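J.: For reference, the sequence and a predicted model appear below.
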Amino acid sequence: NIKAFIFDLDGVITDTAEYHYKSWQKLADEEGLFFNREINEQLRGVSRMDSLEIILDGKELAEDLKKEMTDRKNAYYQKYLEKISKEDILDDMESKLIELKEQGFKIAVASSSRNARKVLKNLKISDLFDTISDGNSVENAKPAPDLFLHTAEKLGVEAEECVVLEDAESGVDAALAANMIAVGVGPDDRVGKAHLVYSKVAEIDFEEILEKI
Ligand code: G16
Ligand code: MG
């Protein structure tokens, strides 16, 4: 008996991946670190510090230096965020969200991003959600189930009553670990472990999801 839909932000509601990419690329260039789009793909849904660790690829640095680097990357990223607006909502996601609410479902955002509230504010959809969880909400990032479990608790529903929409492998893993229904958005080699997969956001069909699960 599904009561709530929990949405990942980056890759499901909007696509800020390109801005993350450009910001990491700038930092990597400044630091002489090897980075490209292929490595960037591995950062999908991964927290800021975990992303830096992937880029460092085993290279050990002092904690304060790593903190300075992630702060610098975030400053570049926030510059891009100033430019985003309602037009950056993917496809017909806003009308889909409104429809789910009208049908009586609770809806939430559960993003790894510490900038999630800022992004939602600029997209002008913050008020639609019953609750918003972000990169500050729990200690253990995706693929740990914590962020989704925390979100279900705030919604007042059981994990089994939640459907999670995710574009990242780490997010699908987190949803499955939380004992929720996982709907993947993207190629099978990325989100194929989900209960149901759509290749892109425009194809997500909520009626079908409710029928099939
Ligand atoms: C998003 C992105 C990730 C990013 C993470 C942390 O997660 O997909 O690439 O590294 O947030 O972002 P920030 O540096 O803003 O805290 P999600 O969960 O919304 O896909
Ligand atoms: Mg995502």
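T.: Happy to help now that I have it. Residues are numbered from 1 along each chain as shown. Ligands and ions are numbered 1, 2, ... in the order given.

J.: ok, residues contacting the single longest helix found in the chain?
T.: If you go by DSSP state H, the chain has its longest helix at helix 63-81. Helix 63-81 is contacted by residues 16, 19-20, 22-24, 26-27, 30-31, 48-49, 52, 56, 61, 114-115, 118-119, 122 when judged by C-beta atoms under 8 Å, 6 or more residues apart in numbering. Quick note: C-beta positions are derived from backbone N, CA and C, even for glycine.

J.: which residues of this structure fall in strands?
T.: Remark: strands assigned in the chain by DSSP state E are 4-7, 106-110, 131-133, 162-166, 181-185, 196-198.

J.: how about the longest helix of the chain as PDB, C-alpha atoms only?
T.: Output of helix 63-81 as PDB, limited to C-alpha atoms (Å, rounded to 0.1, in the frame of the first residue of the first chain):
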ATOM      1  CA  GLU A  63      41.800  16.800   6.000                       C
ATOM      2  CA  ASP A  64      42.000  20.600   6.000                       C
ATOM      3  CA  LEU A  65      43.300  20.600   2.500                       C
ATOM      4  CA  LYS A  66      40.500  18.300   1.300                       C
ATOM      5  CA  LYS A  67      38.000  20.600   3.100                       C
ATOM      6  CA  GLU A  68      39.500  23.600   1.300                       C
ATOM      7  CA  MET A  69      39.200  21.900  -2.000                       C
ATOM      8  CA  THR A  70      35.500  20.800  -1.600                       C
ATOM      9  CA  ASP A  71      34.700  24.400  -0.400                       C
ATOM     10  CA  ARG A  72      36.300  25.800  -3.500                       C
ATOM     11  CA  LYS A  73      34.500  23.400  -5.800                       C
ATOM     12  CA  ASN A  74      31.200  24.300  -4.000                       C
ATOM     13  CA  ALA A  75      31.800  28.000  -4.500                       C
ATOM     14  CA  TYR A  76      32.200  27.400  -8.300                       C
ATOM     15  CA  TYR A  77      29.000  25.200  -8.200                       C
ATOM     16  CA  GLN A  78      27.000  27.900  -6.300                       C
ATOM     17  CA  LYS A  79      27.900  30.400  -9.000                       C
ATOM     18  CA  TYR A  80      26.100  28.200 -11.500                       C
ATOM     19  CA  LEU A  81      23.100  27.700  -9.200                       C
END
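
J.: buried residues in that helix?
T.: Across helix 63-81, burial judged by 16 or more other C-beta atoms under 10 Å covers 69-70, 73-74, 76-77, 81.

J.: next one: stretch 150-161
T.: So for stretch 150-161, counting by 16+ other C-beta under 10 Å, buried means 150-152, 154-155, 157, 159, 161.
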